[in-house]
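S.K.: Based on what follows, work out the 3D shape:
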Amino acid sequence: MVDKKTYYVCVAVATVWTSYDSCREIDDNATSVPVKLDKWLEQLTYARRLELCEKNLVQTQLLLGEEVYVTELKGKWAKIVIPSQFSSKDERGYPGWVPFHQLISQAEYSPLNKPTAVVTAAIATLQLAEETLQISYQTQLPLLKEDKEWLEVQTPVGSGKIKRQDAVVIEDRNRKATKGTGDMIIAAGEQFLNLPYLWGGMSAWGYDCSGFAYATHKANGYLIPRDATDQARQGKKVGLDSIQPGDLLFFAYEKGKGSIHHVGICYGNGKMLHSPKTGKTIELIELKGTLYEEELCAARRYY
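M.R.: Numbers count the residues shown, from 1 in each chain. Below you'll find the model as predicted:
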């Protein structure tokens with residue numbers, strides 16, 4: 001056991017596992033440095049993807065530069081909590097395990113208190129001194145300087161450059177001066193139509209249902225809870241006869257009377273934008289006549 005210490009993610013996307021022994025041999029490309037997410041996902045058959053959920057192997061994901069607290073070390077693994085991902089599982093933040101070598105200590109990397117470059121492209125290229133990394137939508141890195149073509153940023157793996165067209169600059173990495181509207185939340189999600197679902201996914205390589213809701217809200221200045229059950233407890237309660245585009249829609253077993261198992265984003269005109277389940281892709285659907293229509297149980301507004 002170690003005291004809570006601050007670390008930062010030093011890979012493009014760190015997958016957070018349920019336990020230090022959750023990772024399978026086929027997951028090596030997700031636990032390496034650097035990570036090889038394309039190779040990892042290409043190798044996962046439908047059955048192996050489904051195991052991530054059904055065997056409860058994965059909890060969530062983290063992006064390059066995100067802060068975590070390390071609370072325990074076991075071999076090559078670190079037990080962490082994620083302060084930016086609110087969860088009822090742990091009041092300090094979302095808990096889980098990551099390979100320790102995917103983290104860098106506060107002594108080795110301490111992000112500057114500067115304006116922040118936020119990636120707005122689905123996937124952007126980060127040019128480092130000796131290599132390039134593909135980084136995800138909503139990766140946030142301190143801005144060092146800028147010109148007409150490039151944003152120079154501070155990262156846990158050295159300073160690098162991102163094309164200006166792939167990011168925006170905000171003054172505060174936690175809150176935008178101007179919060180987005182419901183329509184802007186939808187617009188943030190539309191660019192990911194047809195992206196394959198990934199259990200625990202929190203990056204442009206794949207989202208789960210609540211990860212998709214989290215990312216589209218974060219892109220508009222709203223930091224909401226990580227999981228659907230927690231998302232349904234916060235925000236402003238909205239009557240099901242008063243839902244507007246951008247509201248979160250929640251679905252429960254037993255025709256809406258059981259436990260919540262899914263969340264989508266109201267698109268308007270009876271439609272929903274969502275990341276459904278393993279084997280499917282982010283889609284825009286009509287609710288009428290679907291199982292979702294029967295299971296709709298609540299709506300919340302965060303914008």
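
S.K.: Which residue is the nearest non-sequential neighbour of the spatially most central residue of the chain?
M.R.: Against the mean C-alpha coordinate of the chain, by C-alpha atoms, centre = their mean, the closest residue is Met202 at 2.5 Å. Counting by C-beta to C-beta, 6 or more residues apart in numbering, Gln61 is the residue found nearest to Met202 once chain neighbours are left out, at 3.8 Å. Using the backbone N, CA and C atoms, a C-beta is placed for each residue, glycine as well.

S.K.: Surely the one you found is in a helix?
M.R.: No: Gln61: not assigned to a helix; according to DSSP: H, G, I helix; E, B strand; the rest coil it is strand.

S.K.: Tell me the bridge partners for it.
M.R.: Thr15 (DSSP bridges).

S.K.: Does Pro156 lie in a helix or a strand, and which?
M.R.: Following DSSP states H and E, one finds Pro156 outside all helices and strands.

S.K.: quick one: the helices in the stretch 1-150 of the chain?
M.R.: Ranges of helices in the stretch 1-150 of the chain, per DSSP state H, counting those that start in this stretch, are 28-31, 37-43, 46-54.

S.K.: got the contact list for the last one?
M.R.: Read that as helix 46-54. 24, 26, 57-58, 198-200, 278-279 (C-beta atoms under 8 Å, 6 or more residues apart in numbering).

S.K.: domains in this protein, as residue ranges please.
M.R.: 5-105, 116-170, 182-301 (automatic domain parsing).

S.K.: Save those as JSON lines, and put in mean pLDDT too.
M.R.: Formatted as JSON lines, the domains of the chain follow (pLDDT from 0 to 100):
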{"stretch": "domain 5-105", "mean pLDDT": "98"}
{"stretch": "domain 116-170", "mean pLDDT": "97"}
{"stretch": "domain 182-301", "mean pLDDT": "97"}
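
S.K.: Assign the closest residue to Thr281 other than its chain neighbours to helix, strand or coil.
M.R.: Spatial nearest neighbour of Thr281, excluding adjacent residues (C-beta to C-beta, 6+ apart): Asn194 at 4.8 Å. Assigned with three-state DSSP, Asn194 falls in the coil class.

S.K.: give me every residue that touches Asn194.
M.R.: 281-283.

S.K.: and if you look at Asp208?
M.R.: With C-beta under 8 Å, 6+ apart, Asp208 has these contacts: 197-202, 275.

S.K.: Most neighbours out of those, which is it?
M.R.: Neighbour counts for the contacts of Asp208 (other C-beta atoms under 10 Å) peak at Met202, which has 32 neighbours.

S.K.: Val58 is in contact with that residue, correct?
M.R.: No: using C-beta atoms under 8 Å, Met202 is not in contact with Val58; the gap is 10.2 Å.
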